[in-house]
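[1] Here is the input, now give the coordinates:
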Amino acid sequence: MPPTIFSIALDVPLNRLFDYFSGGFVAQVGNRVVVPFAGRNLIGVIVAIGNQSEFPIEKLKPVSHVFDEVIVDSSSFKLLNFCADYYHYPLGQALISTLPLRLRQIKPAVSRKMFAYRLTANADISLASTKKVVMQRILTALQSKEEVTEAELALISATWRKAITDLKALNLVTAYEVIAVKASLPASATEPNLNDEQKKAIECVLALTHNFKPWLLYGVTGSGKTEVYIQILQHILSQKNAQGMGAQVLVLVPEINLTPQLEARFRSRLSQFPLVTLHSNLSEGERLQNWLAASSGAAKIVIGTRLSVFTPMPQLKMIVMDEEHDGSYKQQDGMRYHARDVAMMRAKQLNIPIILGSATPSLETWFNAKAVPDLTQKNGQKPQYGLLTMTKRAVENAALPEIYCIDIAKSPTENGLSPLLIKALQERINKGEQSLLFINRRGYAPVLHCNACQWVAPCTRCSARLVVHLSQKRLKCHHCGHEQKIPLQCPSCGNADMRPVGQATQRLEQTLQTLLPNARIARVDRDSMRNKNALTDLLTQVHNQEIDILVGTQMLAKGHDFPNLTLVGVIDTDSALYSPDFRASERLFAQLMQVAGRAGRADKAGQVLIQTAFPQHALFHALRAQDYASYADELLQERRVMQFPPTRFFALLRAEANDFSLVHQFLNQAVNLARGLKSEVMIYDPLRPQMERLKSMERAQVLLQANTRAALQRLLKVWMPQLRALPIATKVRWSLDIDPLEF
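    Next up is the predicted model:
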């Protein structure tokens, strides 16, 4: 009988699988294994099992160990194969990178064990002593329901463990292991009344739940998109298949800070369905535990950030992607996937619906939903997504906020704040209402400047300036993490008169404390929210009316619902208008619309004040009218004329090394190879990005542009193996980014 051979995916930068002799182990596809590789042991996953290999059998090494659990199912393999192929990334690295850290380690994956308890068959309850009150309470609970969990036992008595041990000794109770799922909160007693737009959106989606159908839920901020999700998911989760297994749903959010509030809403309204979260703020034990609950089918709702799109879910019946326009869904290292595109492919492969929700959809999604005529398509149109529009706020009497631009040429700012904005803040404090000041820059000031010789503090490792963190008396680079003490005098000319220039969150907080000494002020940025529960605690304070003014970055710009917040002030937006990035105006509009949406979400009128030197700019006109649709259509026309996405398709080859000459050689050889393939793809000359040096690495890049996705992929399939074969490719760090968001 021929030997059994395992084809195994390994976390190595080689675009192939590796054959190993079974070594007497019995296994199945999806098992985790330990194998010898290049003098060390590695974790791998079995992708195929057979009896043949391209190498002689005697040259194959045996696997060292096989773990019992199947960690990758057939639908996950299908999705990962697509991603590895589309993003031109080694399958082994793609697969292993999607697993929790404890499944990537060479040891059994141990998570906290949890048990449930049942009465044994024919249990004689009279054996239990009636004097032991806790035992009697547990038995009473077990008689009223089939099983009792540890969480339920803890509610019966703090000494339940001793009582359970005694009951097991009397052979009255049997314990069995279950996958730990956090207990849900009691269900909310009241459901909000839906308006006609919400009802229509729910009806449209529920009419087509058994097939692949993408929906864009385009609703203004505060229009009740979350309530639409909840009511749709309630219907989906109530369904069972022929085997009696309940459905699962995946809810994607762009950032960790949106998870607590969304989780609380889902737990209160969908309490009968076990829910887990997956994000980087979890401990490794929690992440593994939640991942196992999802992959076993025990967790019915999974709320997670971008990596969650790969989580195995055997009964997945719907995907919801909240704030689908957000750039955080794009992975910027390793396999540079976009979670929106991967989620769309996963829904298509599973033949299930997917909902993309946003008040400011990405132009790619808007393009598909509007079916804009496109000459690159034979039929003249792009495939359609279902478009569900909600133009009104969900709370009765809640109107969209009024948006005004403060012309800082006519109303000059002092320490970053104009007199009009200061007056508006004071008025809100007098009324007992809350305000939010948005500035997307943390630290004290972006620049330390010498008045004598115009020196500014540079980062020695990056093409960037060091940011002043005055409270710590440090200069920090927000790109590479380098930091140093604030010098007492100018290193260039010796002048002692050096000043921080510009505004950031810490300086704004200090200014407000001086101007409004009675105000209760809280700062929200990555520096102040380092502790695990800091953001949750702060949101609780806001809801309890313990804070008057929030000063924050984009951590506060979306998703949060503050009923008493009636004023939003926006500081220093103009820098984005100068950006060379063609997506900058799209990003700025989305960001401003999102942060403006925090105001006036209840029955109190909201107001947004934006400080700018360009109040007549087209972007601000559209923003004041709160007309995203018209502005997005204008941007699409610009993109078509300029031949930019979404009407064209890009790939970006990036390279970096300590020595720029190596980067230059590699990219020039790459360009020559690509141009020699004579494809329809436009290959541009190598260029240096705006950030020429990052973390002491010299950088450059090559842009590829195509009229169709297929033409770009045809070139890449031939070109990538040629690049990997170049001798100089091993001397530089290089990567390919398909559909890049940033240049």
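[2] From now on I want contacts and neighbour counts done on CA atoms only, so please keep to that.
    Will do.
[3] so where's the chain uncertain?
    Where the chain drops to pLDDT under 70, the residues are 1-2, 110-113, 124-131, 177-190, 371-383, 397-398, 532, 558-559, 601-602.
[4] Please parse it into its domains.
    The chain breaks down by automatic domain parsing into domains covering 5-75+82-103, 114-178, 196-390, 402-445+502-625, 649-738.
[5] Ok, which of the ones you listed comes nearest Cys480?
    Taking C-alpha to C-alpha, domain 649-738 is the member of the domains of the chain nearest to Cys480, at 5.4 Å.
[6] So what's the residue count around the closest residue to Leu194 other than its chain neighbours?
    Distances taken as C-alpha to C-alpha, 6 or more residues apart in numbering place Ala394 nearest to Leu194, at 7.3 Å, with adjacent residues excluded. Neighbourhood size, Ala394 [other C-alpha atoms under 10 Å]: 25.
[7] any idea whether Ala394 is helix, strand or coil?
    The three-state assignment at Ala394 reads coil, by DSSP: H, G, I helix; E, B strand; the rest coil.
[8] give me every residue that touches it.
    By C-alpha atoms under 8 Å, 6 or more residues apart in numbering, the contact set of Ala394 is 194-195, 222-224.
[9] so how far is Gln349 from Arg265?
    From Arg265 over to Gln349 the distance is 30 Å, taken as C-alpha to C-alpha, to the nearest Å.
[10] ends of stretch 93-109, how far apart?
    Stretch 93-109 has an end-to-end distance of 19 Å (C-alpha to C-alpha).
[11] right, I mislabeled it, should have said stretch 269-279
    Terminal-residue distance, stretch 269-279 (C-alpha to C-alpha): 22 Å.
[12] in that stretch, what counts as buried?
    269-279 (16 or more other C-alpha atoms under 10 Å).
[13] How about stretch 572-579?
    For stretch 572-579, using 16+ other C-alpha under 10 Å, the buried residues are 572-573.
[14] What lies in contact with it?
    Stretch 572-579 has contacts (C-alpha under 8 Å, 6+ apart) with 439, 503, 584-585, 588, 611-614.
[15] Can you report how many residues neighbour Leu91?
    26.
[16] Enumerate every residue touching it.
    9, 15-17, 80-81, 84.
[17] Who wins on neighbours among those residues?
    Neighbour max across the contacts of Leu91 (other C-alpha under 10 Å) = Ala9, 27 neighbours.
[18] That residue is in contact with Asn15, isn't it?
    No. Using C-alpha atoms under 8 Å, Ala9 is not in contact with Asn15; the gap is 9.7 Å.
[19] shared neighbours of these two, anything?
    Common contact partners of Ala9 and Asn15 (C-alpha under 8 Å, 6+ apart): 91-92.
[20] Relative to the whole chain's centre, how far out is the helix or strand harbouring Val663?
    When elements are assigned from DSSP states H and E, Val663 belongs to helix 660-675. Centre-to-centre, helix 660-675 and its host chain are 34 Å apart (C-alpha atoms, centre = their mean, to the nearest Å).
[21] what's that helix packed up against?
    strand 649-657, strand 682-683, strand 697-706, helix 709-725 (3 or more C-alpha pairs under 8 Å, 6 or more residues apart in numbering; DSSP states H and E).
[22] Just want the angle from that helix to strand 649-657.
    150 degrees (axes from the mean of the first three to the mean of the last three C-alpha atoms, to 10 degrees).
[23] Next, the buried residues of helix 660-675.
    660, 662-664, 666-667, 670-671, 673-675.
[24] from those, which is closest to Met135?
    Met135 lies nearest to Val663 out of these, by C-alpha to C-alpha, at 72.6 Å.
[25] For Phe650, see how far away the closest one is.
    21 Å.
[26] And the strands in the stretch 1-150 of the chain, which stretches?
    Residue ranges of the strands in the stretch 1-150 of the chain, as given by DSSP state E, counting those that start in this stretch, are 5-10, 18-21, 31-37, 40-50, 65-70, 114-119, 148-149.
[27] bridging residues for Val320?
    For Val320, the beta-bridge partners under DSSP bridges are Val251, Ile355.
[28] Strands along the stretch 251-400 of the chain, start to end?
    275-278, 301-304, 316-322, 353-358, 386-390.
[29] could you dump those to TSV with distance to Pro491?
    Below are the strands of the stretch 251-400 of the chain laid out as TSV (distance: least, C-alpha to C-alpha, whole Å):
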stretch	distance to Pro491
strand 275-278	47
strand 301-304	47
strand 316-322	48
strand 353-358	48
strand 386-390	57
